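Novice: Quick one: sequence and predicted model below, then my questions.
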Amino acid sequence: MRIVGLTGGIASGKSTVSNLLKANDVPVVDADLVSRDVLKKGTGGWKKVVAAFGEDILLPNGEVDRAKLGQIVFSDSAKRQLLNRLLAPYISSGIFLEILKLWIKGCKVIVLDVPLLFEAKMNKWTKPIIVVWVDPDTQLRRLMARDRTSEEDARNRINAQMPLDIKRNKADIVIDNTGSLDDLNEQFRKVLFEVTRPLTWTEFWLSRQGAVSALVSVIVGVLVCRKVL
Ligand SMILES: CC(C)(COP(=O)(O)OP(=O)(O)OC[C@H]1O[C@@H](n2cnc3c(N)ncnc32)[C@H](O)[C@@H]1O)[C@@H](O)C(=O)NCCC(=O)NCCS
Ligand SMILES: Nc1ncnc2c1ncn2[C@@H]1O[C@H](COP(=O)(O)OP(=O)(O)OP(=O)(O)O)[C@@H](O)[C@H]1O
């Protein structure tokens, strides 16, 4: 199985690229969706976060007020690190479960869309790594427009992540999403070709089909040896 990493900065265009991948039948595991699930009312993550941050972060229906928690953690790095520490085990297990489901389904290529791929050191599980890069002014403008947020809040969110230029240097494939959506589509064609090229032998043995082939070979080998000896 090939596990491709997709990352970048906040509002650099990961979801836009991830939608293009899904439209081309490439399954994507979205870490933001997993992190929403692990913070739902009553879950282990929810209990830990409420115990640490207090009931003030809850809405009247008991769900976490994400906007309020976001205000707190994106303006205070110690609190953000605390939230990351509390949720990290639940997010990694959630991502692992999604990968397992796709492995069982027999998917040969999957993409992990993880904003904090490098920060959480999940990059070691993925190859190749795609970084969606955007120039800083465009990133700020797109983030403020999408989230209807102030410049200060947007800058806090951008600064909460590893600088995008450092991520770009760690990438196997860089998508420069500073231009138009047409520009992005053009780059995406080449990326899709790279992502869906035939599996290497190692990737094949890690896929469900490879594991089944290995198992069948071992069983046949044992049976043959028993007959011969
Ligand atoms: C703080 C929370 C409640 C804010 O929720 P909100 O709905 O406003 O944002 P959302 O979850 O959609 O995230 C939007 C983007 O913010 C960035 N981001 C989210 N969490 C973090 C973080 N801890 N550090 C840096 N950037 C982050 C990512 O680029 C993400 O794509 C939420 O982001 C959260 O629970 N974060 C901690 C979990 C986490 O680390 N998520 C990232 C998945 S790897
Ligand atoms: N090439 C582009 N031209 C114009 N707008 C774009 C382009 N690419 C993305 N956008 C817009 O920029 C915003 C951010 O993109 P997107 O939501 O895909 O980023 P993201 O990296 O997934 O963000 P997050 O880290 O918050 O999940 C969205 O409003 C999206 O529609």
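Specialist: Looks like it arrived, so ask away. Residues are numbered from 1 along each chain as shown. Ligands and ions are numbered 1, 2, ... in the order given.

Novice: Now do the helix or strand containing residue 99: distance to the chain's middle.
Specialist: Per DSSP states H and E: residue 99 is located in helix 77-105. Averaging C-alpha positions (C-alpha atoms, centre = their mean, to the nearest Å) puts helix 77-105 10 Å from its chain's average.

Novice: Name the residues that touch stretch 65-74?
Specialist: With contacts defined as C-beta atoms under 8 Å, 6 or more residues apart in numbering, stretch 65-74 is touched by 39, 49, 53, 56-59, 79-80, 83, 153, 156-157, 160. Placement of C-beta: from N, CA and C, glycine included.

Novice: Check whether that stretch comes near ligand 1.
Specialist: Yes: using C-beta under 6 Å from any ligand atom, stretch 65-74 reaches ligand 1 at 66, 69-70, 73.

Novice: Looking at those, state which has the most neighbours.
Specialist: Highest neighbour count within the residues of stretch 65-74 next to ligand 1: residue 73, with 21 neighbours (other C-beta atoms under 10 Å).

Novice: Excluding chain neighbours, give the residue nearest to that one in space.
Specialist: Leaving aside its chain neighbours, residue 73 sits nearest to residue 80 (4.1 Å; criterion: C-beta to C-beta, 6 or more residues apart in numbering).

Novice: between the contacts of stretch 65-74, which is closest to residue 222?
Specialist: residue 39 (48.1 Å; C-beta to C-beta).

Novice: In which helix or strand does the closest one reside?
Specialist: Using DSSP H and E, no helix or strand contains residue 39.

Novice: hang on, isn't it packed against residue 87?
Specialist: Yes: using C-beta atoms under 8 Å, residue 39 makes contact with residue 87 at a distance of 7.1 Å.

Novice: quick one: contacts for the residue of the chain positioned farthest from its centre?
Specialist: Distance from the C-alpha centroid of the chain peaks at residue 229, with 51.1 Å (C-alpha atoms, centre = their mean). Shown in contact with residue 229 (C-beta under 8 Å, 6+ apart): no residues.

Novice: wait, does stretch 65-81 make contact with ligand 2?
Specialist: No: counting by C-beta under 6 Å from any ligand atom, ligand 2 is not contacted by stretch 65-81; separation bottoms out at 10.9 Å.
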